[in-house]
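1. Got a sequence here, can you build the structure:
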Amino acid sequence: MSMDSDTSSQGGDHRSFRQITRDRLLFEMLRSTRKHSKSTWKVLIMDKLTVKIISCSCKMADITEEGVSLVEDLYKRRQPLPSLDAIYFIQPTKENIGMFLNDMSGRNPLYKKAYVFFSSPIQKELVTQIKKDSSVLPRIGALSEMNLEYFAIDSQGFTTDHERALEELFSENALDSHKYNACLNTMATRISTVFASMREFPRVHYRVAKTIDASVTTTLRDLVPTKLAAAVWNCLSKLKTSIPDYPQTETCELLIVDRSVDQIAPIIHEWTYDAMCHDLLCMDGNKYVHEVPSKNGSSTEKKDVLLEDHDPIWVELRHAHIADASERLHDKMSNFVSKNKAAQLQQARTGGEISNRDLQKMVQALPQYSDQIEKLSLHVEIAGKLNSIIREQGLRDVGQLEQDLVFGDAGTKELINFLRTQLGVSRENKLRLLMIYAAINPEKFESDKGEKLMQLAGLSTDDMIAVSNMRCLCGPDTKKSSGGGFTLKFDVHKKKHGLRKERTGEESTWALSRFYPVLEDLIEKLSKGELPKDEYYCMNDPSPSFHGLPMSSSVRTSPAHQPAHSMRSRRTGGTWARPRGSDDGYSSDSVLKHSSSDFKKLGQRIFVFIIGGATRSELRAVHKLTSKLKREVILGSSSLDDPPQFITKLKMMSVDELTLDDLQI
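-> Below you'll find the predicted structure:
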């Protein structure tokens, strides 16, 4: 199998992860067919998976520009176009090969010539099957392994599209070794194609199975990161021998963990603009339904908009706290009005503030500013909706208790009091509170205490199943002491019963922004060579002097893990307080100021893969750490989940007791 490439990520290629993915699809695949094809226009044929792959990175206009006049589904009946050449971008499965041979064999093939690109390595027997058909062979213009079978969901993020990974790998009923192994093997193949695309060969670190009690049997779910690391290593070993100019020595870091490293991140309310949009607005992926005035102005019509990188306001605000985003949008609107006479006239007519509807009407009155006003009115509408939901659902009180539980400032007493007094809080938000409590205090749910709490919260049967299934994601029992038999209750210095320590040097500039994902700590430790060796192994253990830092088997204290002096100001009032001129690394000013678009200045890349679903907070963390560490950090996962999706998946782990129709969110 041939695989051409014009660049390597080391020594000159400083494009971002998503840009490299896009360029490979457009140039290495589509444009490469121009060399030998006499056909100006071509048909692009894909299967369901490869359609999703290409749509994550390319627009239809990009594909058309590369000479594609028609995009077709491999499995739908297609009109013969014998004068045109076809480009096949497909998975190398037996069924797909069969469909391709049906298209191109015999006296009357559907297309003149076929350029075939496989998304991942193809088995030798399938290549033999293609070569056996003497009528097809002369009609093949290219037969190549693209090695691109992942979904670039962000400039620094990808998924392998394993939406049922929790159920297939971590469920107590995950005894079907076929599903378990098939899920891990496909996941490993897709992860390896990321490194094939990036021309990177990683040091593969992974979280090891760890049981405190030697008598406890290590389960299949404990071994998931270990097994995936071994499968990825196997795929990488093959890449080293099959891809020309592939690095033979390590060029980057890969850390493989599972969802048990942080059970709280997928459930807790995140207060950044991006996270709140996806959590509270019932969006379909990145699609938001925007109401705009109709052309006659008498009514409104619905318009689908994508909240993605092409929208500069979205890029600026997505990682900002919702209060910061709202404030900046207000400033942008005021700035626009102050510089535009027509807007000032509109303001004079309405006698004060310009409403979102006024802004939308101005799109029609001021066509030269239409794109600017449309985007501004879109985000003003979204921020307004989010702030309304926050007020209506009492989310500030919910968020305060969530974070107090996580940091050990609240416990059972405060939770019970909240459930008894806050009767207006929705069932879903009570469920999320109890799931956080269960993650911190799993022992409380081994007795009837947990059941009484769930009854007090008024949870449904399937809600209780979601709380119960949290135990399937329990990491090592850190509450037991490893020596002397003493537990925390014998400690004369009473410790807070929380899962997070305050991060020193990162004062919260907005209320409810204390929470950070565990992944942030892990990436910083990996960057410094300080991952605990008893918890994280390396498939290709680096030399002791790696990065010039002595490696120690003991856990060294990094700044994030030193004894914390609380530097936050507890804000429980009705305003979002922020000192002016602050820079917390999350605000839009900070994101722009520390933008890492100049990849030439960055060191070796860090890749992190989470089995069981990543979160918006973790995606935000990799953007922040890219600036902080001066190394491009790329987050991969089996899926990207918002809290409602994650809770549904936890319920589905007991799918034999439920059907999709029974689920309530």
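2. domains in the chain, as residue ranges please.
-> 17-149, 150-262+517-540+596-654, 273-393, 395-473 (the TED database).
3. first to last residue in the shortest one, what's the distance?
-> Chord length of domain 395-473, first to last residue, is 26 Å (Cα to Cα, to the nearest Å).
4. can you give me how far that domain is from the chain middle?
-> The chain centre lies 26 Å from the centre of domain 395-473; the measure is Cα atoms, centre = their mean, to the nearest Å.
5. How about the contacts made by residue 187?
-> Listed by Cβ atoms under 8 Å, 6 or more residues apart in numbering, the contact partners of residue 187 are 160, 162, 165, 228, 231, 611, 638. (Glycine included, C-beta is placed from N, CA and C.)
6. Surely the last one and residue 259 touch.
-> In this case it means residue 638. No - counting by Cβ atoms under 8 Å, residue 259 is not a contact partner of residue 638; they are 9.0 Å apart.
7. Single out the most deeply packed of the domains of the chain.
-> Most buried of the domains of the chain, by mean neighbour count (mean count of other Cβ atoms under 10 Å): domain 150-262+517-540+596-654, with a mean of 20.
8. centre of the chain versus that domain, how much separation?
-> Centre to centre, stretch against its chain (Cα atoms, centre = their mean), the figure for domain 150-262+517-540+596-654 is 11 Å.
9. ok, the residue nearest to residue 83 when sequence neighbours are not counted - contacts?
-> Nearest non-adjacent residue to residue 83, counting by Cβ to Cβ, 6 or more residues apart in numbering: residue 112, 6.2 Å away. The contact partners of residue 112, by Cβ under 8 Å, 6+ apart, come to 39, 82-86, 139.
10. Tell me the one of those residues nearest residue 268?
-> Nearest to residue 268 among the contacts of residue 112: residue 86, at 48.5 Å, using Cβ to Cβ.
11. Skipping adjacent residues, who's closest to that closest one in space?
-> residue 111 (3.9 Å).
12. what sits against that neighbour?
-> Per Cβ under 8 Å, 6+ apart, neighbours of residue 111: 43, 80-82, 84-86, 103-104, 139.
13. In three-state terms, how would the nearest residue to residue 405 once chain neighbours are set aside be classified?
-> Excluding its sequence neighbours, the residue lying closest to residue 405 (Cβ to Cβ, 6+ apart) is residue 436, at 5.5 Å. Judged by DSSP: H, G, I helix; E, B strand; the rest coil, the three-state class of residue 436 is helix.
14. Residue 436 and residue 268, how far apart?
-> Distance check for residue 436 against residue 268: by Cβ to Cβ, to the nearest Å, it reads 6 Å.
15. any common contacting residues for those two?
-> With Cβ under 8 Å, 6+ apart as the test, residue 436 and residue 268 both reach 402, 406.
16. Let's see stretch 172-192 as CSV, backbone CA atoms only.
-> Extracted in CSV, the C-alpha atoms of stretch 172-192 (Å, rounded to 0.1, in the frame of the first residue of the first chain):
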residue,chain,number,x,y,z
GLU,A,172,-21.0,-5.1,34.8
ASN,A,173,-22.7,-7.1,32.0
ALA,A,174,-19.8,-6.4,29.6
LEU,A,175,-19.0,-10.1,29.5
ASP,A,176,-19.4,-10.3,25.8
SER,A,177,-15.7,-10.6,24.9
HIS,A,178,-16.4,-10.1,21.2
LYS,A,179,-17.9,-6.6,21.8
TYR,A,180,-15.3,-5.8,24.3
ASN,A,181,-12.4,-6.7,22.1
ALA,A,182,-13.9,-5.4,18.9
CYS,A,183,-14.5,-2.0,20.6
LEU,A,184,-10.9,-1.8,21.9
ASN,A,185,-9.3,-3.0,18.6
THR,A,186,-11.3,-0.5,16.4
MET,A,187,-10.5,2.3,18.9
ALA,A,188,-6.8,1.4,18.8
THR,A,189,-6.8,1.4,15.0
ARG,A,190,-8.5,4.8,14.8
ILE,A,191,-6.1,6.3,17.4
SER,A,192,-3.1,5.0,15.4
